[in-house]
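Asks: Sequence first, predicted coordinates after that:
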Amino acid sequence: MLRFNLRQIEAFRAVIATGNMTQAGEVLGVTQPAISRLIRDLEEEYGLQLFVRHSGRIEPTKDAILLHAEVERCYGELEQMVKFATDLGAFRRNRLRIASIVGHSYFLLPAVIKSFHAQCPDVTINLFSGSSLEVVDHIEKGRCDIGLALLPLDVHGVIIQEMPETNLVCVIPKDHPLGMLGSVTPGDLANVPLLLISESSLMRKRLLQAFEDAEITPNVILDSTYNGPICSLVASGMGVSIMDLLTAEAYSELDIEIRPFSPSIACELKLVLPATQALSLPAKAFLTILREYTH
């Protein structure tokens with residue numbers, strides 16, 4: 001087992017530097033007997049003789065000179081480590097890395113980021129937009145501090161926290177016959193051209209399951225990795241879509257209408273946080289603002 005007494009090493013360095021037990025004690029703010037005891041304990045601990053007395057002075061032995069060289073080398077490395085940790089802490093305090101699914105990086109985060117910047121103007125912000133799986137990967141590998149994703153609860157390697165839940169909605173062109181309905185079901189969409197988010201999306205999989213349960217084969221004529229183009233195409237009359245409410249409302253100025261979709265399919269936005277690293281102060285401040293915007 002490693003045995004190491006830092007106070008003994010400090011006393012040893014002070015005696016080497018001053019050549020005197022009394023002066024070494026003054027440097028460290030302790031008495032001469034305390035220094036003598038620390039040196040004696042160090043010698044007994046490792047079976048060494050570190051100092052000899054000559055004409056009222058103490059002189060380091062060859063072992064002491066060798067030990068001192070190693071101690072100074074280690075202290076230099078320790079100082080480098082302390083500097084690295086200090087710089088790393090300052091870097092973390094002055095930057096915030098966010099990973100988010102594409103839609104929320106467009107329609108939710110800009111307002112949150114603006115408020116955060118007003119509160120923390122010295123913090124540099126990095127925003128990554130990608131799929132939910134990419135968001136999780138960025139958080140798990142330490143490339144980002146905070147993530148927003150659409151996820152089930154069985155994701156591993158990160159901490160998942162709940163966010164306010166919304167449901168998927170049906171987006172239809174203005175004056176479309178479906179606009180007469182209070183809510184839209186898979187049966188109402190039989191043979192209707194559908195424009196949907198890509199097949200890798202969790203929401204897409206849950207949506208297709210709703211069609212399967214209703215024994216309806218969806219008429220999907222377009223897949224897109226992002227809902228923005230879908231809303232524009234719906235407005236042009238190309239077809240109908242089902243998507244998260246946040247994105248649909250962001251495009252509500254287009255020639256589209258929004259109706260509830262039944263059965264309800266939850267849009268489970270989750271916070272994705274590191275499992276092995278404490279949140280920085282900027283991250284905590286950002287989360288406070290984010291929760292204010294989403295409640």
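Replies: In hand now; what should we look at? Numbers count the residues shown, from 1 in each chain.
Asks: Need the pLDDT of the residue lying farthest from the centre of the chain.
Replies: Residue farthest from the centre of the chain, counting by C-alpha atoms, centre = their mean, is S55 at 64.0 Å. pLDDT, S55: 70.
Asks: Spit out the contact partners of A99.
Replies: Neighbouring residues of A99 by C-beta atoms under 8 Å, 6 or more residues apart in numbering: 127-130, 134-135, 138-139, 143-144, 146-149, 272. Using the backbone N, CA and C atoms, a C-beta is placed for each residue, glycine as well.
Asks: what about the helices in this structure?
Replies: Assigned by DSSP state H, the chain shows helices spanning 6-18, 21-28, 32-46, 62-93, 102-107, 109-119, 132-140, 202-213, 227-235, 245-250, 281-294.
Asks: Now do the buried residues in the second one.
Replies: Spelled out, it's helix 21-28. Neighbour-count burial for helix 21-28, counted by 16 or more other C-beta atoms under 10 Å, picks out M21, A24, G25, V27, L28.
Asks: Now render the residues you listed as CSV, adding pLDDT and distance to V169.
Replies: Listed next are the buried residues of helix 21-28 as CSV, based on pLDDT from 0 to 100; distance: C-beta to C-beta, whole Å:
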residue, pLDDT, distance to V169
M21, 88, 81
A24, 86, 76
G25, 87, 77
V27, 87, 73
L28, 88, 71
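Asks: Can you get me a residue count around the closest residue to L28 other than its chain neighbours?
Replies: Leaving aside its chain neighbours, L28 sits nearest to A14 (5.5 Å; criterion: C-beta to C-beta, 6 or more residues apart in numbering). Per other C-beta atoms under 10 Å, the neighbour tally for A14 reads 21.
Asks: Isn't A14 up against Q32?
Replies: No: assessed by C-beta atoms under 8 Å, A14 is found out of contact with Q32, at 11.4 Å.
Asks: Now a PyMOL select for only the buried ones of the contacts of A99.
Replies: The PyMOL selection below is limited to those of the contacts of A99 classed as buried (16+ other C-beta under 10 Å):
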select buried, resi 129+130+134+135+138+139+144+146+147+148+149+272
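Asks: Below-threshold pLDDT in the stretch 1-150 of the chain: ranges please.
Replies: Scanning the stretch 1-150 of the chain for pLDDT under 70 picks out 1-4, 56, 83-93.
Asks: And this protein, split by domain according to the record?
Replies: According to automatic domain parsing, the chain comprises the domains 6-91, 94-162+269-294, 166-267.
Asks: returning to that earlier point: which one of the buried residues of helix 21-28 sits closest to R97?
Replies: Within the buried residues of helix 21-28, the smallest distance to R97 is 43.1 Å, found for L28 (C-beta to C-beta).
Asks: Which neighbours do A14 and Q32 have in common?
Replies: By C-beta under 8 Å, 6+ apart, the residues touching both A14 and Q32 are A24, G25.
Asks: Redo the buried residues of helix 21-28 as JSON lines? Include distance to V82.
Replies: Below are these laid out as JSON lines (distance: C-beta to C-beta, whole Å):
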{"residue": "M21", "distance to V82": "28"}
{"residue": "A24", "distance to V82": "23"}
{"residue": "G25", "distance to V82": "25"}
{"residue": "V27", "distance to V82": "20"}
{"residue": "L28", "distance to V82": "19"}
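Asks: For T61, state which of those is nearest.
Replies: Checking those one by one against T61 (C-beta to C-beta), the nearest turns out to be M21, at 15.3 Å.
Asks: who's in contact with the closest one?
Replies: Contacts of M21 (C-beta under 8 Å, 6+ apart): V15, Q32, I35, S36, I39, I58.
Asks: do you know how far the first one is from H68?
Replies: It refers to V15. Remark: distance between V15 and H68 (C-beta to C-beta, to the nearest Å) = 10 Å.
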